[in-house]
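A.B. asks: sequence plus the predicted model coming up.
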Amino acid sequence: MMARTAEWRDDISGTITTGGTSTAYTVASNQVFDTLAHLSGAMIAFVPHATNGATVTLAVDGLTAKPLRFGPSLELQSGVLTQGTPY
């Protein structure tokens, strides 16, 4: 139980750095999600390795990439996620 709590703590601490490109971010969580259903509702803080371009996606633990949006159908504009800043 304590190990799972530590994984969750580390996933929301803002110490995970992205990989990929400025429009297709990837991250490896400490909890290691195996399905999108298990990832649903989870919170993960990350630090972009590059400032974002247009139409940004995020893939967690090698799962299908999902769009990062302000809200339904509201894509992030270029430059919203700044390199080196935790989100």
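C.D. replies: Yep, it's here.
A.B. asks: mind listing the strands for this protein?
C.D. replies: 16-17, 19-20, 24-27, 46-47, 57-60, 66-67, 69-71, 74-75 (DSSP state E).
A.B. asks: tell me which residues are up against the second one.
C.D. replies: Just to be clear, that refers to strand 19-20. Contact with strand 19-20 is made by 25-27, 49, 59, as judged by C-beta atoms under 8 Å, 6 or more residues apart in numbering. Any C-beta I mention is one placed from the backbone N, CA and C, and that applies to glycine too.
A.B. asks: over to the third one?
C.D. replies: With contacts defined as C-beta under 8 Å, 6+ apart, strand 24-27 is touched by 16-20, 44, 46, 48-49, 52, 56-62, 65, 68.
A.B. asks: the same query, at a cut-off of 7 Å, please.
C.D. replies: 16, 18-20, 44, 46, 48, 56-60, 65 (C-beta atoms under 7 Å, 6 or more residues apart in numbering).
A.B. asks: any idea which of these is closest to Gln31?
C.D. replies: For the contacts of strand 24-27, the minimum distance to Gln31 (C-beta to C-beta) is 8.4 Å, reached by Ile44.
A.B. asks: could you find the closest non-adjacent residue to that closest one?
C.D. replies: Asp11 (5.1 Å; C-beta to C-beta, 6 or more residues apart in numbering).
A.B. asks: then Thr57?
C.D. replies: Ala65 (3.9 Å).
A.B. asks: show me what contacts the one you found?
C.D. replies: Here Ala65 is in contact with 24, 57-59 (C-beta under 7 Å, 6+ apart).
A.B. asks: report pLDDT for it.
C.D. replies: Confidence at Ala65, expressed as pLDDT, is 98.
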